[in-house]
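Provided below are the primary sequence and the corresponding predicted coordinates.
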Amino acid sequence: MFSWMKKDRRREEGSRSFANVIDGLKHVYKHKLLPLEKEYKYGEFHSPYLNAGDFEAKPMVLLIGQYSTGKTTFIRYLLERDFPGIRIGPEPTTDRFTAIMHGPHEQVTPGNALAVDPNRQFRALQQFGNAFLSRFEGSFLPSPVLDSITLIDTPGILSGEKQRVHRGYDFESVIEWFSDRADMIILLFDAHKLDISDEFQRVIHSIKRNQEKIRIVLNKADMITTQQLMRVYGALMWSLGKVMNSPEVVRVYIGSFWDKQLQFDENRRLFEAEQEDLFADIQSLPRTAAVRKLNEMIKRARLAKVHAYILNHLRCEMPSLWGKQSKKEELIVNLPNVFHSIQKRFQLPVGDFPPVRRMQEQLTEYEFGKFPKLNQAMIDSVDLMLAKDLTQIMTMLPKEEEIAKDKRIKGGAFGYSDADPFSTRRDLTKPSTYTAYDEGWIISSDTARYDSIFEKLSPNSQGKISGNVAREEMMKSKLPNSVLRRVWTLSDIDGDGMLDRDEFAVAMFLIDHKLAGNDIPETLPDRVVPPSKRSHSSRRESPAVNRGHIDNSVGGYSSSYGGRNVNSHQTSTRPMGDYDDDDELNRYIDQ
């Protein structure tokens, strides 16, 4: 009876449109996934139920490491200022969890007050009791960095005799709660302390299911020489391989994230490049927050489904009268076989099942006979959510990514500009203060060196060298022919199959640019074009766009595009706007 009303309600649900991704995720979680989680006590076994604060929270970066590895100093390095409640020292100074967040003025808020704030994402922390909440606090300050992200500082993980002292709360469970909600997890290691204590190993195991979020930082690397750094890096990778137990290689960032003088600056270029890579990774968090929340929702829904099947199976296996305790113990011991049976029966992916050992420990506290029966309607609702609702929400991602593409963390260590002379990255198309020649030709400061090489190649009466001569000199760089072909295409600006003095300088500059670890641009930037060639209406494109090649038999240039031969003096262009927006292409060579 009234089945037509249910159909209309389902049709209305299926056709509902959402203002944005977060609005859609909140709706489908509340109406489809949360009922299944509550029915089968998902929050007691895996992860607490979500609230509005979890969906609307800024991206969270969680820092974990043993004491005195530089976690708090790393945060200070990012903010470029102290924060309320900061404590730094060689001993275990940080004895509490600290959420560093944006606020209109500096203040410290106790953990109990944060945990009852309905607008924050910390309400579920109440489950860990006063012993933990008394060791949790919020640090608010008006930092532009915190407009985009939230930083979580954690107590130093203990080693030796200290790790045998109980903290008064379940430290690993708290770390796991934060790791489930964090957008990035940074594990810090001190170059002088690579040992992984028992507590640290347990912590790593507790966050292992979030392995895609983990970044490793080898801190204080300036305190050792290059030779020692190579040995330390190898030892760290070996230790991590044993603990992580994964065939994938974990990315390790090497550097010294503090404002002290570098002890050994021979690896300065390496530290700067590693820092740029790590900061670029952090910088992407605000732009990709919606994608990560959608991904987490899918993972959560799949686990909730599997959890419901597990509890239903255990309930059905229990006897009706006698022998309940012995049967319960038998099922717990044989839980791997139970998982296998459920997986085969319902065709569920093996990767969706929870860790066996942890599930065995949790099940000892429950009476299997009191588990609820399988509610197929709830399962079907979650399946529909995965198949239709989340698919509909996914179609909104390109629009949100387009809106958020210019989002970036500002201020602090991220507050550099295009004119920053200390950045290792630089777009050659934009003005800077690197040299006094930038207002003219960016290669001017190096022309004397390139001219010296050019004169040794015996240019002809027209002041040019042939393609064959240029080829022999360019091949001394040991770059592959595909790269040198692109360099040639960009350098032969007038397309005559020869290089004059200025064109040769461009070729050498691009080769040095590539040898420094940068990419060759698709179109020659304005600032690299010699002043003598700027009267040309168009510039050469690299073979990434125009599939050209050097004809060594005649020293000339020929190209083809779309299967049609093109005259060697013709050029095709790419709008400079396309190139200007690509911040990954060109980094200036720090000579």
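Noted; the coordinates are in hand. The shown structure was predicted, so the numbers you read here are calculated from the model rather than taken from an experiment. Residues are numbered from 1 along each chain as shown.

correct me, but Glu172 touches Ile207?
No - here Glu172 lies out of contact with Ile207, judged by C-beta atoms under 8 Å, at a distance of 9.1 Å. All C-beta atoms are positioned from the backbone trio N, CA, C, and that covers glycine.

of these two, which one has the most company?
Ranked by neighbour count (other C-beta atoms under 10 Å), Glu172 and Ile207 place Ile207 first, with 21 against 14.

residue contacts, the more buried one?
64, 175-176, 179, 185, 214 (C-beta atoms under 8 Å, 6 or more residues apart in numbering).

distance of it relative to Ser239?
Note on Ile207: its distance to Ser239, by C-beta to C-beta, to the nearest Å, is 16 Å.

ok, now Ser284?
28 Å.

go on, Ile196?
6 Å.

the two: who's more crowded?
Ranked by neighbour count (other C-beta under 10 Å), Ile196 and Ser239 place Ile196 first, with 19 against 15.

confirm for me that the more buried one is in contact with Gly241.
No - with contact defined as C-beta under 8 Å, Ile196 and Gly241 do not form a contacting pair (11.4 Å).

of the contacts of Ile207, closest to Gly323?
Within the contacts of Ile207, the smallest distance to Gly323 is 35.0 Å, found for Glu176 (C-beta to C-beta).

just give the nearest non-adjacent residue to that closest one, would you?
Ser206 (4.4 Å; C-beta to C-beta, 6 or more residues apart in numbering).

the one you found and Trp177 touch, don't they?
No - the pair Ser206 and Trp177 fails to qualify as a contact (C-beta under 8 Å) at a distance of 9.6 Å.

okay, and the common contacts of the two?
Joint contacts of Ser206 and Trp177 (C-beta under 8 Å, 6+ apart) do not exist.

which SSE is the residue lying farthest from the centre of the chain in?
The C-alpha centroid of the chain is most remote from Ser461, which lies 55.3 Å away (C-alpha atoms, centre = their mean). Per DSSP states H and E: Ser461 is located in neither a helix nor a strand.

same check, this time on Phe132
Going by DSSP H and E, Phe132 is in helix 129-133.

phi, psi of the residue farthest from the centre of the chain?
The phi/psi pair for Ser461 (degrees, to the nearest 10) reads phi -60, psi -20.

and it, what pLDDT?
Here, the pLDDT recorded for Ser461 equals 91.

distance check, it against Asp198.
78 Å.

and for Phe504?
62 Å.

ditto for Gly65
From Gly65 to Asp198 the distance is 15 Å (C-beta to C-beta).

between those two, which one's more packed in?
Ranked by neighbour count (other C-beta under 10 Å), Gly65 and Asp198 place Gly65 first, with 22 against 13.

for Ile443, give me its contacts.
Ile443 makes contacts with 437, 450, 505-506, 509, 528, 530, as judged by C-beta under 8 Å, 6+ apart.

let's go with 6 Å and repeat that
Residues in contact with Ile443, defined by C-beta atoms under 6 Å, 6 or more residues apart in numbering, are 505, 509.

now do the longest helix seen in the chain: distance to the chain's middle.
For the chain, the helix that runs over the most residues, judged by DSSP state H, is helix 289-317. Centroid separation between helix 289-317 and its chain, computed with C-alpha atoms, centre = their mean, to the nearest Å, is 24 Å.

for that helix, enumerate the helices and strands it packs against.
Judged by 3 or more C-beta pairs under 6 Å, 6 or more residues apart in numbering; DSSP states H and E, helix 289-317 is in contact with helix 21-28, helix 335-346.

the inter-axis angle of it versus helix 335-346?
100 degrees (axes from the mean of the first three to the mean of the last three C-alpha atoms, to 10 degrees).

so for helix 289-317, mean pLDDT?
What helix 289-317 shows for mean pLDDT is 92.

buried sites along that helix?
Residues 289-290, 292-294, 296-297, 300-315 are the ones in helix 289-317 that count as buried (16 or more other C-beta atoms under 10 Å).

next: stretch 122-132.
In stretch 122-132, counting by 16+ other C-beta under 10 Å, buried: 122-125, 128, 132.

C-terminal to the helix holding Phe132, what's the next element?
Defined by DSSP H and E, the subsequent element after helix 129-133 is strand 136-141.

what strands flank that following strand, and is each parallel or antiparallel?
When pairing is defined by DSSP bridges, strand 136-141 lines up against strand 97-102 (parallel), strand 107-110 (antiparallel).

any chance you could map the strands in the stretch 101-250 of the chain?
107-110, 136-141, 150-153, 184-190, 214-219 (DSSP state E, counting those that start in this stretch).

ok, Gly369 touching Pro319?
No - if you go by C-beta atoms under 6 Å, Gly369 and Pro319 don't touch, sitting 8.8 Å apart.

as a check, name the ranges of all strands in the stretch 251-400 of the chain.
For the stretch 251-400 of the chain, strands defined by DSSP E, counting those that start in this stretch occupy the ranges 252-254.

where does it dip in pLDDT?
The stretch 251-400 of the chain contains no residues with pLDDT under 70.

was I right about Leu187 contacting Ile216?
Yes - in this structure, Leu187 is within contact of Ile216 by C-beta under 6 Å, at 5.2 Å.

neighbour count winner among the two?
Leu187 (24 against 18).

partners of the more buried one in the sheet?
Bridge pairing for Leu187 - DSSP bridges - gives Ile64, Ile216.

distance-wise, check it relative to Val28.
Leu187 is 33 Å from Val28, by C-beta to C-beta.

so where's the protein uncertain?
Using pLDDT under 70, the chain drops low at 1-16, 89-94, 159-166, 247, 404, 406, 416-439, 536-591.

Gly156 versus the nearest residue to Trp258 once chain neighbours are set aside, what's the distance?
Once flanking residues are discounted, Trp258 sits nearest to Thr73: 5.0 Å by C-beta to C-beta, 6+ apart. Taking C-beta to C-beta as the measure, Thr73 falls 12 Å from Gly156.

ditto for Thr150
Using C-beta to C-beta, one gets 20 Å for the distance from Thr150 to Gly156.

can you tell me what sits against stretch 110-127?
Residues contacting stretch 110-127 (C-beta under 6 Å, 6+ apart): 48, 51, 53-54, 57, 133, 136-138.

same thing with stretch 325-339?
Contacting residues not belonging to stretch 325-339 are listed as 314, 317-319, 353, 356, 360, 363, 368 [C-beta under 6 Å, 6+ apart].

which residue ranges of the stretch 301-450 of the chain form helices?
324-333, 335-346, 356-363, 376-384, 390-394, 397-404, 447-456 (DSSP state H, counting those that start in this stretch).

possible to save the ones you listed as CSV with distance to Asp82 and mean neighbour count?
Output for these, formatted as CSV (distance: least, C-beta to C-beta, whole Å; neighbours: other C-beta atoms under 10 Å):
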stretch, distance to Asp82, mean neighbour count
helix 324-333, 50, 14
helix 335-346, 49, 14
helix 356-363, 39, 14
helix 376-384, 47, 15
helix 390-394, 41, 16
helix 397-404, 30, 13
helix 447-456, 46, 14
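
mind putting those helices in CSV, distance to Phe279 included?
As requested, those are exported to CSV (distance: least, C-beta to C-beta, whole Å):
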stretch, distance to Phe279
helix 324-333, 47
helix 335-346, 42
helix 356-363, 35
helix 376-384, 39
helix 390-394, 29
helix 397-404, 18
helix 447-456, 32
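
of the ones you listed, which is nearest Thr489?
Of the helices of the stretch 301-450 of the chain, nearest to Thr489 by C-beta to C-beta is helix 447-456, at 18.5 Å.

who are the packing partners of the closest one?
By 3+ C-beta pairs under 6 Å, 6+ apart, helix 447-456 packs against helix 501-515.

centre of the chain to the helix it packs on, how far?
So, by C-alpha atoms, centre = their mean, the centroid of helix 501-515 is 33 Å from its chain's centroid.

who touches that helix?
For helix 501-515, with C-beta under 6 Å, 6+ apart as the criterion, the contacting residues are 443, 447, 450, 454, 477, 487, 491, 493, 520, 530, 532, 589.

which among the residues you listed gets closest to Gly323?
Distances from Gly323 to these, taken by C-beta to C-beta, are shortest for Ile520, at 73.8 Å.
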